[in-house]
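Asks: Please find the sequence and the predicted model below.
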Amino acid sequence: MAEEQEELFPGFIPSLKVGVNSDDNIYRSPLDKNSDTIITASPSLSLLALYGKHSFKGSYKGDYGQFQEYSDENYWDHKAAMWIGLDLSRIVSVKVEGEYLSGHELRGYSGTRTKMDSKPDTVLQDWISGQITIGRRENTLQFVLTAEGLNRQYTNNDQESRDRKRSDAKLMMYYNLSNKTSLLVEASTAKIEFVNPAIVDLDSQETSLRIGIKWEATAMTRGQILVGQITKTLDDPELDSFSGLGVTGVIHWQPKDRIRLSMVLTRATAETAEIGSSYYVTSRSLLMVDYDYSDRLEVGAYIDYQNDKFSNIREDSLEYIGAQANYSLARWLTMNMRYRYESRSSNIEDYTYKANIVAIALVMEAM
């Protein structure tokens, strides 16, 4: 996907978001809906340091939720991350990223379990990525080599069989037609290993070969799209494998100064928590619009559709529709109001649900 080039300002950047959420179906259940009010808090702190052409960024973000009636749903999530950018020469740069997460899986979302336990599934996850870029935007050819490693561990509800490690390697070549348009070729491979396989061993190998284009035709529109073949081969020959279309794409369009539209398209394979399924194919279309009504008020809306087709008979359709408004009370203080509608339909009736979430929050940021 297209990367944003953010403007870097060294120093500490603290922020705090506190709010109240109302959720009318906290368990994402098809019949017995339980509603609750949740008090939330999200503190964060980031540090940016610059040394010549090199840069370092470290950050911490917490997400805390206190349910007023169903205290077993309370969560206390943490995420720490670091990013190092090294500009080594006129044509070579290196980027190293890492992240540690201690959190929980949101009920009802793609890839999570449908079985109802008294507490949500909790996870520990660490991820590291290294990237070498050879060539600059003004060169005809650019090569980007990326290696990633992920370790995901489930820490409750007897979910050890879902613990897994993933190793990725990816080579991307950019053929720069101009300083605004590039043709892309991407080749990647990944190995997924389950640490504590239960009855079925779901270890697999994924490969993909995709071509695409990245453009910034005018100041109004920019984007990147990659399309090609992805293959997921299970180590156990008795299990179903997959070969088919893979897509990642994002398009940004700004027809006027105050209006911004974005579209995201993806199609990929993913690991499943469904018993009897070895993977699922997820296809997603997301459309977002933001409008700066005034210098103080920004409003936005989105519609997010996703289809999950499992290797067994199950097939889900998920819809998320939402709107939000941000009103600036002061340079350092913003009021955020949000509404979100969630729906999952499935050919297995017990997996369907609908939910409505209303939230209001205050966001305090150092300027």
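Replies: Happy to help now that I have it. Numbering: from 1, shown residues only.
Asks: quick one: what helix or strand has Ala147 in it?
Replies: Element membership for Ala147, per DSSP states H and E: strand 141-154.
Asks: just checking, what packs against that strand?
Replies: Counting contacts by 3 or more CB pairs under 8 Å, 6 or more residues apart in numbering; DSSP states H and E, strand 141-154 is packed against strand 122-134, strand 164-176. Heads up, the C-betas are built off the backbone N, CA and C, glycines and all.
Asks: Mind checking these for the one nearest to Ile251?
Replies: Set against Ile251 and scored by CB to CB, these come closest in strand 164-176, at 18.1 Å.
Asks: which helices and strands sit right next to that closest one?
Replies: strand 141-154, strand 181-194.
Asks: can you list the ones you listed in a markdown table and add mean neighbour count and mean pLDDT?
Replies: Shown next, in a markdown table, are these (neighbours: other CB atoms under 10 Å; pLDDT from 0 to 100):
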| stretch | mean neighbour count | mean pLDDT |
| --- | --- | --- |
| strand 141-154 | 16 | 97 |
| strand 181-194 | 17 | 97 |
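Asks: any chance of those strands in CSV, plus distance to Asp235?
Replies: Shown next, in CSV, are these (distance: least, CB to CB, whole Å):
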stretch, distance to Asp235
strand 141-154, 18
strand 181-194, 9
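Asks: quick one: which of these is nearest Thr122?
Replies: strand 141-154 (7.1 Å).
Asks: Report the angle between the closest one and strand 164-176.
Replies: 160 degrees (axes from the mean of the first three to the mean of the last three CA atoms, to 10 degrees).
Asks: Rebuild the helices and strands packed on strand 141-154 as CSV, extending it with mean pLDDT and distance to Leu297.
Replies: Below are these laid out as CSV (pLDDT from 0 to 100; distance: least, CB to CB, whole Å):
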stretch, mean pLDDT, distance to Leu297
strand 122-134, 98, 37
strand 164-176, 97, 39
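Asks: Format those strands as a markdown table; extra columns: distance to Tyr341 and mean neighbour count.
Replies: As requested, the helices and strands packed on strand 141-154 are exported to a markdown table (distance: least, CB to CB, whole Å; neighbours: other CB atoms under 10 Å):
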| stretch | distance to Tyr341 | mean neighbour count |
| --- | --- | --- |
| strand 122-134 | 26 | 16 |
| strand 164-176 | 32 | 16 |
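Asks: Out of those strands, the one nearest Ile38 is which?
Replies: Closest to Ile38 of the helices and strands packed on strand 141-154 is strand 122-134 (CB to CB; 17.1 Å).
Asks: So what touches that closest one?
Replies: Here strand 122-134 makes contact (CB atoms under 8 Å, 6 or more residues apart in numbering) with 91-105, 142-156.
Asks: at 6 Å instead, please
Replies: Defining contact as CB atoms under 6 Å, 6 or more residues apart in numbering, one finds that strand 122-134 is touched by 91-104, 143-156.
Asks: likewise stretch 207-216?
Replies: 180-189, 222, 224-231, 246.
Asks: Over to stretch 349-358?
Replies: Contacts for stretch 349-358 (CB under 6 Å, 6+ apart): 22-25, 28-30, 108, 114, 339-346.
Asks: try 8 Å
Replies: By CB under 8 Å, 6+ apart, stretch 349-358 touches 21-25, 28-30, 108, 114, 314, 316, 338-346.
Asks: Buried only: go through those for me.
Replies: 21, 23, 25, 28-29, 108, 114, 314, 316, 338, 340, 342, 344, 346 (16 or more other CB atoms under 10 Å).
Asks: hang on, isn't Val18 packed against Asn336?
Replies: No. Using CB atoms under 8 Å, Val18 makes no contact with Asn336, being 10.4 Å away.
Asks: So for the two, which residues contact both of them?
Replies: 361-362.
Asks: May I ask which helix or strand encompasses Phe12?
Replies: Under the criterion DSSP H and E, the helix or strand holding Phe12 is strand 11-23.
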